[in-house]
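**Student:** Here is a sequence with its predicted model. Questions after.
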Amino acid sequence: MTQEATPHHRSLWALDWLNVLVADVKTGIGPYLAVYLQASRHWDPVSIGLAMSAMGFASVVAQIPTGSLTDHVRHKRWLIVVAAAVVATGCLWIVVRPTLLGVLVSQALIGSTATIFPAAIAALTLGLVGPARLAERMGRNEACNHAGNVGATLLAGLIGYVIAMEGIFYLVIALSGVTILMVLLIRADDINYLQARGARTAHGATHISGLGEILASRPLAIFALAAVLFHCANAAMLPLLGQWLSVGHDHGASLYMSACIMVAQCVMIPITLWAGRGASAYGRKPVFMLGFCILPMRGVLYTLSSNPSVLIAIQILDGIGAGIFGVLSVLVVADLTRGTGRFNITNGAISTATGIGAACSNAISGVVVQAAGYRGAFLTLAGIAAVAALWFGLMMPETQDNDATAPEPILEEPPNQLLAEPRSG
């Protein structure tokens with residue numbers, strides 16, 4: 001398949017629905033775990049923070065190996081099949097063994113394999129549509145992802161309220177099964193696997209950059225630190241908000257969390273579509289900077305009211321900031337690794353950075369809540385977010401010059417090249 005080839009409509013349709021379904025599969029039950037442990041199991045904040053961190057720390061360990069595996073594996077669709085099965089197993093284990101050890105093991109299991117979803121979907125997307133159309137397609141991917149979150153969140157909230165909090169786990173298990181079906185509907189012949197790893201051919205040979213060249217990239221190092229700081233500030237905000245709203249409202253805790261998630265996810269749908277187009281029209285940095293500046297404002301605003309309606313409304317800012325980050329982070333990595341053949345492992349390295357930030361965020365916030373209350377924790381996270389915005393604004397260069405708007409050589413897979421991968425997957 002050359003760059004000019006158009007994938008079959010079934011593959012693009014299946015990619016849309018894969019993003020819809022995987023939204024709630026890739027993190028298990030995500031922030032609902034904090035609510036479940038608080039409202040149904042009555043765990044203390046430190047234990048909840050530890051449980052929430054287990055998945056993050058496991059993700060940190062798995063991200064780079066996952067990226068390397070995604071670059072090299074010949075059957076990328078089957079990576080998603082295996083990951084969905086493992087997530088389903090982990091969710092079932094939490095219900096069966098809701099002890100601290102059982103939850104920690106299951107969260108580590110989910111975290112170590114859930115890294116496959118974003119890596120494999122990004123690779124499949126690049127392999128299907130090519131670098132020239134990646135910005136708009138990533139915006140569509142994220143919009144579908146957040147639309148899926150809205151539907152699943154509404155369903156999860158109703159299940160947790162009407163039936164039981166444990167029902168949310170079984171919802172994720174069911175969605176995992178449908179995810180497996182959908183990824184297999186993507187036609188293997190539509191995927192260019194050299195293109196999917198960001199490689200190019202020249203004079204009949206495939207160029208793959210050395211890892212040392214990637215590690216020496218100053219813009220990637222700057223972006224990695226910005227990602228750590230952003231997620232150190234962002235990751236714990238929603239679980240903390242859910243815990244705060246659930247205090248004294250055990251029965252309605254799942255509905256409060258659902259409202260928080262739905263507000264953010266509904267905002268993310270148009271924001272991600274705009275971010276993909278805006279990144280091409282205005283450049284990566286101006287759009288990304290908006291996401292960085294929103295985060296400290298959100299943390300401070302949480303401390304100004306205890307009214308549930310106000311706190312839930314502030315989640316609009318979460319939709320803007322997180323929506324922009326989800327689209328732009330992949331585009332920046334694609335820009336900086338274009339033609340290197342190291343797109344997926346580099347994307348995994350950046351995901352490692354975000355995982356470090358997220359794991360630290362949950363661990364730090366649990367301790368701060370214990371010592372200074374929820375308002376103290378939100379202010380701490382807002383301070384970290386301000387540092388992240390300052391660092392990104394002062395140090396990060398514009399990367400659009402490396403974007404695929406420039407002419408791209410046609411990728412032809414030479415028959416006798418060791419690194420050339422087949423189009424079946």
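**Tutor:** Yep, it's here.
**Student:** all helices of the stretch 101-250 of the chain, in order?
**Tutor:** 116-129, 134-158, 166-184, 193-196, 211-215, 218-234, 237-246 (DSSP state H, counting those that start in this stretch).
**Student:** Okay, now the unreliable bits of the stretch 151-300 of the chain?
**Tutor:** Counting by pLDDT under 70, the stretch 151-300 of the chain has low-confidence residues at 200-207, 247-254.
**Student:** picking that back up, out of the helices of the stretch 101-250 of the chain, flag the one nearest A385.
**Tutor:** Closest approach to A385 among those is made by helix 218-234 (3.6 Å; CB to CB). The C-beta positions use only the backbone N, C-alpha and C, and glycine is treated the same way.
**Student:** what comes up buried for that closest one?
**Tutor:** Buried residues in helix 218-234, counted by 16 or more other CB atoms under 10 Å: 219-220, 222-234.
**Student:** before we move on, what about stretch 106-119?
**Tutor:** 106-119.
**Student:** if we can go back for a sec, S361 is nearest to which of the helices of the stretch 101-250 of the chain?
**Tutor:** S361 lies closest, by CB to CB, to one member of those: helix 218-234, at 4.8 Å.
**Student:** Quick one: residues contacting the residue nearest to I271 when sequence neighbours are not counted.
**Tutor:** Once flanking residues are discounted, I271 sits nearest to G323: 3.7 Å by CB to CB, 6 or more residues apart in numbering. Counting by CB atoms under 8 Å, 6 or more residues apart in numbering, G323 touches 142, 146, 267-268, 271-272, 275, 291.
**Student:** re the thing from before, which one of the buried residues of stretch 106-119 sits closest to V61?
**Tutor:** S112 (6.7 Å).
**Student:** How much space separates that closest one from A122?
**Tutor:** Noted for S112: a distance of 18 Å to A122, by CB to CB, to the nearest Å.
**Student:** Using JSON lines, lay out the buried residues of stretch 106-119 together with distance to A377.
**Tutor:** JSON lines is the format used below for the buried residues of stretch 106-119 (distance: CB to CB, whole Å):
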{"residue": "S106", "distance to A377": "25"}
{"residue": "Q107", "distance to A377": "21"}
{"residue": "A108", "distance to A377": "24"}
{"residue": "L109", "distance to A377": "28"}
{"residue": "I110", "distance to A377": "25"}
{"residue": "G111", "distance to A377": "22"}
{"residue": "S112", "distance to A377": "27"}
{"residue": "T113", "distance to A377": "30"}
{"residue": "A114", "distance to A377": "25"}
{"residue": "T115", "distance to A377": "27"}
{"residue": "I116", "distance to A377": "31"}
{"residue": "F117", "distance to A377": "29"}
{"residue": "P118", "distance to A377": "27"}
{"residue": "A119", "distance to A377": "31"}
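**Student:** This completes my enquiry, with thanks.
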